[in-house]
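> need a structure here:
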Amino acid sequence: MRPSSPQETRSPSQSPDDGSPGSSLDESVKVFLDELPWDVRPYNTDGTYVRSDLPQLSRFEPGLTFIAQRSQWLSFRENANIIRAALARRIGHPQDVQQELTSRLSRTELDRSGAQVVFSHRAFPLNAGAVPIVWQQAILDPVMQSAYGVSEAALTEERDVKGALFRRCALVQVSTKVESRRHAMMFPDIADRFVDVAFFSPRIAPGSRDALQRHFDKGPVRLLFVGRQAWRKGLDLVLEAFDSLPDSLKSMTTLTVISNFHRSPIRLPHHPQISVVRDANPSQVLEEMKRSHIFLNPARFESYGLVFHEAMSQGLACIAPDWEVQRELFDEGRAGMLVAPEPKAIQRAIEALIGDQNLRFKLGEAAWERFGTHYHPAIVARRYAEIFRRAAAAR
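Numbers count the residues shown, from 1 in each chain. Reported below is the predicted structural model:
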């Protein structure tokens, strides 16, 4: 099957939709996106991020042009590999980390595109040739991985395999400054290749400051949990913490759970103050956030958490896991409560926030301001433009 022609997402000439100014840099850069036109995994947010979100960078940075990979044959082959790896895991077959972390591009499309940079948020593309690669990849928080049950041998293998691939990149994108520093210490010979750029959230518009006054409204304190993989995100821990609240506090609250329970057979208690929404689109989630006061997502394992951007943008008082990345997202606890993923810690955080309107407002306001100064799409887009131009210059 002959690959189809690459599809370009051209930058608009006007300013970004929110009125923020575009980049003042003049250099234009063509970026080839290592993506698949379709994916057998229905809940693969990584694929959605590259297919749908990243091309919208050009709304804020008119100098960027994105070329989407469209080869159906390559997509078929890569999805076959995904299925093979999933079956191997099911039967307990040892995984080939090197094979799972590498992939191939459609060289016909890449050569035809005239791209100066390849961007990949999945496996490392082995056949990019002389075109510089920006690889969004990281060795996640070792403390979190160990707590989740990842063995020391597996961590060592990951470091060895990824380290060899990092050395073939023009730049390696990680999501936080703390990750950038940790990777630079792990790989001092390529320390300057690690760059921190937060995840891009083009669909999120921050709520108004006036909306933060809801933290002082009379009525129930609205708790909200959002997470597709409910067990990994800690829903069972939240439910246990909620059930352990004193009746005097529990009577003052409601808990809304938004989840389709993907790979998460969690038993839900029958409680008049707990409601469950199994299917909600992003707009519905955002509307629920606008009505809520406290956001709960004390995940056992979390590489980043774009849902935190959503909650911060609407000024919720957030309860988040005390892992490396989330500590930076919430400014070491100044913009949210960081807890160990265990019921007692979550319960104490909920009790503190239910009983103190001023604390809820303070954390909600700090989260709202931090989103505006660090994670607003215009700010993140500017940072992406910087690294793409830097990578293109490395050619």
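
> which intervals of this structure have sub-threshold pLDDT?
Across the chain, the ranges flagged by pLDDT under 70 are 1-26, 42-43.

> now the helices for the stretch 51-200 of the chain?
Assigned by DSSP state H, counting those that start in this stretch, the helices in the stretch 51-200 of the chain fall at 57-60, 72-90, 97-100, 107-113, 142-147, 152-166, 177-186.

> Lys250 is nearest to which of these?
Smallest distance to Lys250 across the helices of the stretch 51-200 of the chain (C-beta to C-beta): 29.0 Å, for helix 142-147. Quick note: C-beta positions are derived from backbone N, CA and C, even for glycine.

> on contacts alone, who are the packing partners of that closest one?
helix 152-166 (3 or more C-beta pairs under 8 Å, 6 or more residues apart in numbering; DSSP states H and E).

> what's the angle between the helix it packs on and helix 177-186?
Helix 152-166 runs at 90 degrees relative to helix 177-186, counting by axes from the mean of the first three to the mean of the last three C-alpha atoms, to 10 degrees.

> and helix 152-166, what does it pack against?
Contact partners of helix 152-166 among helices and strands, from 3+ C-beta pairs under 8 Å, 6+ apart: helix 97-100, helix 142-147, helix 177-186.

> just give me how far that helix sits from the chain centre.
Once both centres are worked out by C-alpha atoms, centre = their mean, to the nearest Å, helix 152-166 turns out to sit 22 Å from its chain's centre.

> nearest spatial neighbour of His32, skipping sequence neighbours?
Actually, residue 32 is Phe rather than His. Ala115 (3.6 Å; C-beta to C-beta, 6 or more residues apart in numbering).

> and for Phe388?
Val29 (4.8 Å).

> hey, what's that neighbour bridged with?
Legend: beta-bridge partners of Val29 under DSSP bridges are Leu64.

> is it true that it touches Ala392?
Yes: between Val29 and Ala392 there is a contact at 5.0 Å, judged by C-beta atoms under 8 Å.

> distance check, Thr256 against Arg181.
37 Å (C-beta to C-beta, to the nearest Å).

> no, scratch that, I was asking about Ala86
34 Å.

> more neighbours, these two?
Shown here are Ala86 and Arg181; by other C-beta atoms under 10 Å, Arg181 has more neighbours (14 against 11).

> which stretch of helix or strand covers Ser248?
helix 247-250 (DSSP states H and E).

> what residues does that helix touch?
Residues outside helix 247-250 that contact it (C-beta atoms under 8 Å, 6 or more residues apart in numbering): Phe242, Gln273, Ile350, Glu351, Ile354, Gly355.

> so what's the first one up against?
So the one you mean is Phe242. Leu223, Lys250, Thr253, Leu255, Ile274, Gln347, Ile350 are the contacts of Phe242 under C-beta under 8 Å, 6+ apart.

> mark which of these are part of strands, please.
Leu223, Thr253, Leu255, Ile274 (DSSP state E).

> can I get those residues in TSV with distance to Thr45?
Formatted as TSV, the ones in strands among the contacts of Phe242 follow (distance: C-beta to C-beta, whole Å):
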residue	distance to Thr45
Leu223	24
Thr253	29
Leu255	24
Ile274	26
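
> buried ones from those, can you make that a ChimeraX selection?
The ChimeraX selection below is limited to those of the ones in strands among the contacts of Phe242 classed as buried (16 or more other C-beta atoms under 10 Å):
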select :223,253,255,274
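
> specify which member of the ones in strands among the contacts of Phe242 is nearest to Arg59.
Checking the ones in strands among the contacts of Phe242 against Arg59 by C-beta to C-beta gives Leu223 as the nearest, at 34.2 Å.

> who does that closest one form a beta bridge with?
Counting by DSSP bridges, Leu223 forms beta bridges with Leu255, Ile294.

> who are the contact partners of Ala147?
By C-beta under 8 Å, 6+ apart, the residues touching Ala147 are Arg300.

> on that earlier part again, and Arg209, which of the helices of the stretch 51-200 of the chain is closest to it?
That would be helix 57-60 among these, by C-beta to C-beta, at 22.4 Å.

> tell me how far stretch 94-110 lies from the chain's centre.
Put simply, stretch 94-110 sits 22 Å off its chain's centre (C-alpha atoms, centre = their mean).

> also stretch 51-66?
18 Å.

> which parts of that stretch are buried?
Applying a neighbour-count criterion of 16+ other C-beta under 10 Å, one finds 51, 53-66 buried in stretch 51-66.

> list the residues that contact the closest residue to Ala191 other than its chain neighbours.
Leaving aside its sequence neighbours, Ala191 sits nearest to Ala184 (C-beta to C-beta, 6+ apart; 3.7 Å). Residues near Ala184 by C-beta under 8 Å, 6+ apart: Ala191, Asp192, Phe194.

> pull out the buried members of those.
Applying 16+ other C-beta under 10 Å to the contacts of Ala184 flags Phe194 as buried.

> among the contacts of Ala184, which one lies nearest to Ser71?
Taking the contacts of Ala184 together and measuring to Ser71 by C-beta to C-beta, the closest member is Phe194, at 30.2 Å.

> thought Ser180 was touching that closest one, still the case?
Yes: here Phe194 lies in contact with Ser180, judged by C-beta under 8 Å, at a distance of 4.6 Å.

> overlap in contacts, these two.
Val174.

> could I get the contacting residues of the closest residue in space to Arg300 that isn't next to it in sequence?
Sequence neighbours aside, Pro341 is the residue nearest to Arg300 in space, at 4.9 Å (criterion: C-beta to C-beta, 6+ apart). With contact set as C-beta under 8 Å, 6+ apart, Pro341 has these partners: Gly234, Leu237, Pro298, Ala299, Arg300, Pro321.

> quick one: which of these is nearest Pro132?
For the contacts of Pro341, the nearest to Pro132 is Ala299 (33.6 Å; C-beta to C-beta).
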